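Novice: Turn this into a structure:
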Amino acid sequence: VGARAVHVENLAGLSPDVLLGPVEEGLRMVLGIHDFAPFCPRPHLIEAATGSFCGYCTDPVRCAACLVSDKPSVPGFQEKRRAVSGALLAAAEAVVYPSGFARDTFRALFPALDPARQAVIAPAVALPAGERRPSGPRGPVRRIACLGPVKPHKGGAVLLDVVRRLSAAGDPGLTFRVYGGGDSELLEPLGRLPGVEIRGSYRAGS
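Specialist: Predicted coordinates for the structure are as follows:
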């Protein structure tokens, strides 16, 4: 289409080598970072074997064992992908992070990055004015809504544990509504707990 510059909002689901060629040929690129997709195809960094944070693992054997849970990968896949990601990040006109933590972590993971090209722009969210609630004593909580996908990297395992504990406390009037999809291994046991209703996925804005 004749574009001379492109803004890539996130690398999740993309192969960095697809973008590196055009950038090396002169296409100017601004790259937005929302997760750790440049570092790993599992952008949440939850290790498949343990279900917990991998600690920015760089052990080729451990990384290969984790990635094979998603799909088979050729030997050296992760090391090559990280090298290409590093080259892409270094070649970008600017890399934009949502926080100083993300920027500093990426600079530690990819030390060759030019500090002058790493920018922090926090997400701008317009919050509606809240309604004033009447003052005075409030009754106990009876209904709890859980919004968003029930997945390990979104706190889904923690949610399951919290609901189990609150249900075990024996308050029959406490109910939970879960709005959103998620992983069946978390949703199914969650839906079997007393007082829980899984409403499922919903359309944005509804």
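
Novice: So what touches stretch 20-36?
Specialist: 3-12, 19, 43-45, 84, 87-89, 91-98, 102, 106 (C-beta atoms under 8 Å, 6 or more residues apart in numbering). C-beta here means a position set from N, CA and C on the backbone, and glycine is covered the same way.

Novice: quick one: the strands in the protein?
Specialist: 5-8, 28-32, 94-97, 118-120, 143-147, 175-179, 196-200 (DSSP state E).

Novice: what's the most buried one of those?
Specialist: Mean neighbour count (mean count of other C-beta atoms under 10 Å) peaks for strand 94-97 among these, with a mean of 20.

Novice: List the contacts of it.
Specialist: 30-33, 89, 103, 106, 113, 117-121.

Novice: what's the answer for stretch 175-195, then?
Specialist: With C-beta under 8 Å, 6+ apart, stretch 175-195 has contacts from 142-152, 154, 156-157, 159-160, 163-164, 167, 172, 174, 196-202.

Novice: Same check on stretch 10-18?
Specialist: 8, 19, 31-35, 37-38, 43, 81, 84-85, 88.

Novice: try stretch 70-87
Specialist: Contacts of stretch 70-87 (C-beta under 8 Å, 6+ apart): 11, 15-17, 20, 38-42, 48, 60, 63-64, 67, 110, 112-113.
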